[in-house]
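Chemist: when you get a sec, could you give me coordinates for this:
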Amino acid sequence: MRNLDVMVLMTIILLMREMIEKAIFVARTYGRHAIVTLLPIISFVVLMISVGYKHDHIFARNPRTCFHLCSLLFCEMVTQLMLNRTTSTRFNPIRLVLVPLIILLVVPMTKNQHHDFVTIYTVALGMFLLFKVRIVIHEMCDVLGIWCFDIVTPYYKEEYVMNGKKD
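Modeler: Residues are numbered from 1 along each chain as shown. Predicted structure coming up:
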């Protein structure tokens, strides 16, 4: 075994242990209905393990792209969960961003098509996440009347001056 293989196996084992512990903690603390919020992450892990088991050549051929894909999928799910919590909206456990993983499992493809599909999926998901974050940040800043990552906000003062109102 190479060092990379050992690191990947240890990461997977520790991730699974942590996820099981957190699921048990959430179920005991908040009740079984709270497990629904963990459904996308559980389905994500199951789908990634299934893809890795069925198409082991995908990770061997382009491990960096696979790591980027896993990271982007996880970021999208966590971002949506935080956004739903912040805005007090109902969480939808069905994640459409996982559909291409199901397609990867079901549709027969050649090894080159797998490589191209994973690359296109990763780039498209990255672009989707960038647009989503950009739009959400822009809309929240507009609603709150602030600038993002700015302590002293001239946006608020300009808005009142433009409307003829003064402090």
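Chemist: could you use CA atoms for every contact and neighbour count after this?
Modeler: Will do.
Chemist: ok, longest helix in this structure?
Modeler: Longest helix in the chain by number of residues (criterion: DSSP state H): helix 111-144.
Chemist: buried sites along that one?
Modeler: Of the residues in helix 111-144, those buried under the neighbour-count criterion (16 or more other CA atoms under 10 Å) are 114-115, 117-119, 121-122, 125-126, 129.
Chemist: just give the nearest non-adjacent residue to residue 69, would you?
Modeler: By the measure of CA to CA, 6 or more residues apart in numbering, the closest residue to residue 69 outside its immediate chain neighbours is residue 122, 5.1 Å from it.
Chemist: low-confidence stretches in this protein?
Modeler: In the predicted model of the chain, residues 1, 153-167 satisfy pLDDT under 70.
Chemist: helices of that one, residue ranges please.
Modeler: Listed in chain order, the helices of the chain (DSSP H) span 3-30, 39-54, 56-61, 63-87, 99-106, 111-144, 154-162.
Chemist: select, out of those helices, the one closest to residue 93.
Modeler: Ranking the helices of the chain by distance to residue 93, with CA to CA as the measure, places helix 39-54 first at 5.8 Å.
Chemist: what does that closest one rub up against?
Modeler: 58-59, 74, 77, 93-95, 98, 101-102, 104-105 (CA atoms under 8 Å, 6 or more residues apart in numbering).
Chemist: same thing but 6 Å
Modeler: The contact list for helix 39-54 (CA atoms under 6 Å, 6 or more residues apart in numbering) reads residue 93.
Chemist: and which of the buried residues of helix 111-144 is nearest residue 37?
Modeler: Nearest to residue 37, judged by CA to CA, of the buried residues of helix 111-144 is residue 129 at 19.8 Å.
Chemist: skipping its backbone neighbours, what lies nearest that closest one in space?
Modeler: Across the structure, with CA to CA, 6+ apart as the measure, the residue nearest residue 129 apart from its sequence neighbours is residue 76 (6.4 Å).
Chemist: mind checking how far the one you found is from residue 70?
Modeler: Distance of residue 76 to residue 70, given as CA to CA, to the nearest Å: 10 Å.
Chemist: those two: who's more crowded?
Modeler: Under the neighbour definition other CA atoms under 10 Å, residue 76 and residue 70 were set side by side, and residue 76 has more, 20 against 15.
Chemist: separation between that one and residue 111?
Modeler: Using CA to CA, one gets 27 Å for the distance from residue 76 to residue 111.
Chemist: one more: residue 61?
Modeler: To residue 111, residue 61 is 9 Å away according to CA to CA.
Chemist: many thanks, I have nothing further to ask.
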